[in-house]
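>>> Quick check, what structure comes out for this input:
(chains A and B)
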There are 2 protein chains.
Amino acid sequence: MIKETLRVEGMSCNHCANAVTGALKDLTEEATVDLKAGMVTVAYDESRANIEQIKAAIEEQGYDVI
Amino acid sequence: MIKETLRVEGMSCNHCANAVTGALKDLTEEATVDLKAGMVTVAYDESRANIEQIKAAIEEQGYDVI
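Prediction:
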């Protein structure tokens, strides 16, 4: 299991947090959003997903991973 | 038909706009959100809803009508 924290721009409210965690549900074991900090922490299994897929899923929701 | 514009605090993104317009769908003929201005414009039929019900529906979504 890999745990990683990403800086994500543009998440402004709980709807945004839910959109991101929802998009990461099938890719990660756990995904948590810190709205104030603009951070997303993910724990994922390398056999199931890689960080590029995770970043792409966040960006598909309209946010920038920086 | 009555048309009214309400000042609404706390709407930060398109998810918020959709939450508000969704909550107003059954009460109004038309509901549009101006996110930047923090305004919601509604057109409604007095026989179907009143402004207090409309304000309550917005507040139920977690926003303040001021």
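
>>> how long is stretch A:56-66 end to end?
End-to-end distance for stretch A:56-66: 12 Å, by C-alpha to C-alpha, to the nearest Å.

>>> Give me the buried positions along it.
Of the residues in stretch A:56-66, those buried under the neighbour-count criterion (16 or more other C-beta atoms under 10 Å in any protein chain shown) are A:57-58, A:61, A:63, A:65. Backbone N, C-alpha and C define where each C-beta goes, glycine included.

>>> count of neighbours near A:G10?
Taking other C-beta atoms under 10 Å in any protein chain shown as the criterion, the count of residues near A:G10 is 16.

>>> distance of the spatially closest residue to it that is not a sequence neighbour from chain B?
By the measure of C-beta to C-beta, 6 or more residues apart in numbering or on different chains, the closest residue to A:G10 outside its immediate chain neighbours is A:Y63, 4.4 Å from it. Distance, A:Y63 to chain B, by C-beta to the nearest C-beta, to the nearest Å: 10 Å.

>>> Which strands or helices does the biggest strand by length in chain A pack on?
Determined from DSSP state E, the single longest strand within chain A is strand A:2-9. Strand A:2-9 is packed against strand A:39-44, helix A:51-60, strand A:64-65, with contacts defined by 3 or more C-beta pairs under 8 Å, 6 or more residues apart in numbering or on different chains; DSSP states H and E.

>>> nearest to B:A19, of these?
B:A19 sits nearest to helix A:51-60 of all the helices and strands packed on strand A:2-9, at 20.2 Å, using C-beta to C-beta.

>>> Compute the distance between A:R7 and B:A57, please.
In this structure, A:R7 lies at 36 Å from B:A57, with C-beta to C-beta, to the nearest Å as the measure.

>>> what does A:L27 give?
The span separating A:L27 from B:A57 equals 35 Å under the rule C-beta to C-beta.
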